[in-house]
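Peer 1: Next comes the sequence, and after it the predicted model I'd like to discuss.
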Protein chains: 2
Amino acid sequence: MPTQEQMKSALQAYVDGFNSGDPAAVTALFADGAVVVDPVGDPPMEGRAAIEEFYGNAVAAGAKLSLDGPVRGSHGDRAAMAFTVHVTGMRIRVIDVMTFGADGKIVRMEAHWGPDDIEH
Amino acid sequence: MPTQEQMKSALQAYVDGFNSGDPAAVTALFADGAVVVDPVGDPPMEGRAAIEEFYGNAVAAGAKLSLDGPVRGSHGDRAAMAFTVHVTGMRIRVIDVMTFGADGKIVRMEAHWGPDDIEH
């Protein structure tokens, strides 16, 4: 299991990858067979190709992330963060939960945001 | 499935129940067979008796909660919130994810906080 520090560093690198416009830096944090659920309630995206397409599009759209507080760890293989996405005249308030594999790669990402969490 | 507003109201009621020292108000938000994982990585607590004991102890210890930002919904049956627990000279930074049943009761709560998320 990765350490607390490794998981928190990965979440910070995820934010930094967005903010430097570097989708490869974001997708490199994920395991090959990872699952991304964004938003929770929509069908999962699975595997590297789907994940690269998803983050490629998000970064190309100019999405920037600002943390709403410190990243949280757990007593297991998960870390979580509350943040705001700033993109094309709107803000989306999100809470992501990431699950990690033994090698420190993200194996599952779940993004919690609903229709009411978008501000124009 | 409960509405976004119902789920967010339940999370606010959870915070308010702590802050008014009313464990019954907190536990009334849960379904009878609900599961509480606090923190993630520790064994789950299951069922009303375990949940009443857990929240009874937490409220009796004087724990007060302050939200670190707006509660988030989802496109499904979940809502999440980032908050800080203030108790006996320490602060614990937490992100809770709650899953709801069709009747609007919480069926699962997962609390994300690690050893490094405690400040003395």
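Peer 2: Yes, it's here. Numbers count the residues shown, from 1 in each chain, chains lettered A, B, ... in the order given.

Peer 1: Apart from its chain neighbours, what residue comes closest to A:Ala10?
Peer 2: Using Cβ to Cβ, 6 or more residues apart in numbering or on different chains and skipping residues adjacent in sequence, the residue nearest A:Ala10 is A:Leu29, 5.3 Å away. Backbone N, C-alpha and C define where each C-beta goes, glycine included.

Peer 1: can you pull the contacts of the one you found?
Peer 2: A:Ala10, A:Ala13, A:Tyr14, A:Gly17, A:Lys105, A:Ile106 (Cβ atoms under 8 Å, 6 or more residues apart in numbering or on different chains).

Peer 1: try 10 Å this time
Peer 2: A:9-11, A:13-14, A:17, A:51, A:55, A:98, A:100, A:104-106, A:109 (Cβ atoms under 10 Å, 6 or more residues apart in numbering or on different chains).

Peer 1: out of these, who's nearest B:Ile92?
Peer 2: Taking Cβ to Cβ as the measure, B:Ile92 lies nearest A:Leu11 of the contacts of A:Leu29, at 18.2 Å.

Peer 1: Tell me where chain A has helices.
Peer 2: With helices called from DSSP state H, chain A shows them at A:4-19, A:23-27, A:48-60.

Peer 1: any chance of those in a markdown table, plus mean neighbour count and mean pLDDT?
Peer 2: A markdown table is the format used below for those (neighbours: other Cβ atoms under 10 Å in any protein chain shown; pLDDT from 0 to 100):
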| stretch | mean neighbour count | mean pLDDT |
| --- | --- | --- |
| helix A:4-19 | 18 | 98 |
| helix A:23-27 | 18 | 98 |
| helix A:48-60 | 16 | 97 |
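
Peer 1: can you give me the strands in chain A?
Peer 2: A:30-37, A:45-46, A:64-67, A:78-87, A:90-100, A:106-112, A:118-119 (DSSP state E).

Peer 1: want to try CSV for those strands, with mean neighbour count and distance to chain B as columns?
Peer 2: Below are these laid out as CSV (neighbours: other Cβ atoms under 10 Å in any protein chain shown; distance: least, Cβ to the nearest Cβ, whole Å):
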stretch, mean neighbour count, distance to chain B
strand A:30-37, 18, 9
strand A:45-46, 15, 14
strand A:64-67, 15, 10
strand A:78-87, 22, 4
strand A:90-100, 21, 4
strand A:106-112, 23, 4
strand A:118-119, 12, 10
